[in-house]
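Novice: Build me a model:
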Amino acid sequence: MKIKIGFGYDIHKLEENRKLYLGGIEISFHKGLVGHSDGDVLIHAIIDALLGALGEKDIGQLFPDTDPKYKNISSLKLLEKVMEIVKEKKALLLSLDSVIIAEEPKLSSYINSMKKTLSPILKLKENLIGIKAKTNEGLGEIGEGKAIASYAIALIEAQ
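Specialist: Take a look at the predicted model:
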């Protein structure tokens, strides 16, 4: 077995009167992320980290935004499909670390709920899932409250 690392990133624009989903949970906020799916940047970054560690195509190639079956789909469903690929490849997720960059809303009170939601899908104990929330200190599109981004890194054991 080999230890492999995958890195993921995603960013989506915020828009008024949309629901905001991060880490598979709905966040109380007056804006939501624009995307073909629910726009959950944390899960999208996690998916790309997992796919990268496996040497697979990225999220956009696996779940293209030109395919109507993914329109408004929950990113949790996409993550479940990626975890099936992890299983098929006889790989094991060992740990995951991530950061969400958002000027607002403040996310620290939601992190435990995100971990509880992601843990059974990732088949990973909550203490092996790192989720941090940072601001962009008022800089750029994220700092201006126009977007939210996320980074993730996955450590897997694979053949």
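Novice: from here on, contacts and neighbour counts on C-alpha atoms
Specialist: OK.
Novice: For stretch 68-81, list the C-alpha coordinates in CSV.
Specialist: The C-alpha trace of stretch 68-81 is given here as CSV (Å, rounded to 0.1, in the frame of the first residue of the first chain):
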residue,chain,number,x,y,z
PRO,A,68,-28.8,18.4,-16.4
LYS,A,69,-28.8,15.4,-13.9
TYR,A,70,-26.5,17.4,-11.7
LYS,A,71,-28.5,20.6,-11.7
ASN,A,72,-29.2,21.6,-8.1
ILE,A,73,-27.9,18.3,-6.8
SER,A,74,-26.8,18.1,-3.2
SER,A,75,-23.0,18.0,-3.1
LEU,A,76,-23.3,15.3,-0.5
LYS,A,77,-24.7,13.0,-3.2
LEU,A,78,-21.6,13.8,-5.4
LEU,A,79,-19.3,13.0,-2.4
GLU,A,80,-21.1,9.7,-1.9
LYS,A,81,-20.3,8.8,-5.5
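Novice: And the longest strand seen in the chain, what's buried?
Specialist: If you go by DSSP state E, the chain has its longest strand at strand 2-16. For strand 2-16, a neighbour-count test (16 or more other CA atoms under 10 Å) marks K4, I5, G6, F7, G8, Y9, D10, I11, H12, K13, L14, E15 as buried.
Novice: ok, residues contacting that strand?
Specialist: Identification of contacts with strand 2-16 by CA atoms under 8 Å, 6 or more residues apart in numbering yields 30-35, 39, 41-42, 44-54, 145-159.
Novice: Repeat that for stretch 77-97.
Specialist: Contacts for stretch 77-97 (CA under 8 Å, 6+ apart): 43, 47, 50-51, 54, 63, 121-124, 128-131, 152-159.
Novice: Those in helices, which ones?
Specialist: Cross-referencing the contacts of stretch 77-97 against helices under DSSP state H gives I43, I47, L50, L51, L54, I121, L122.
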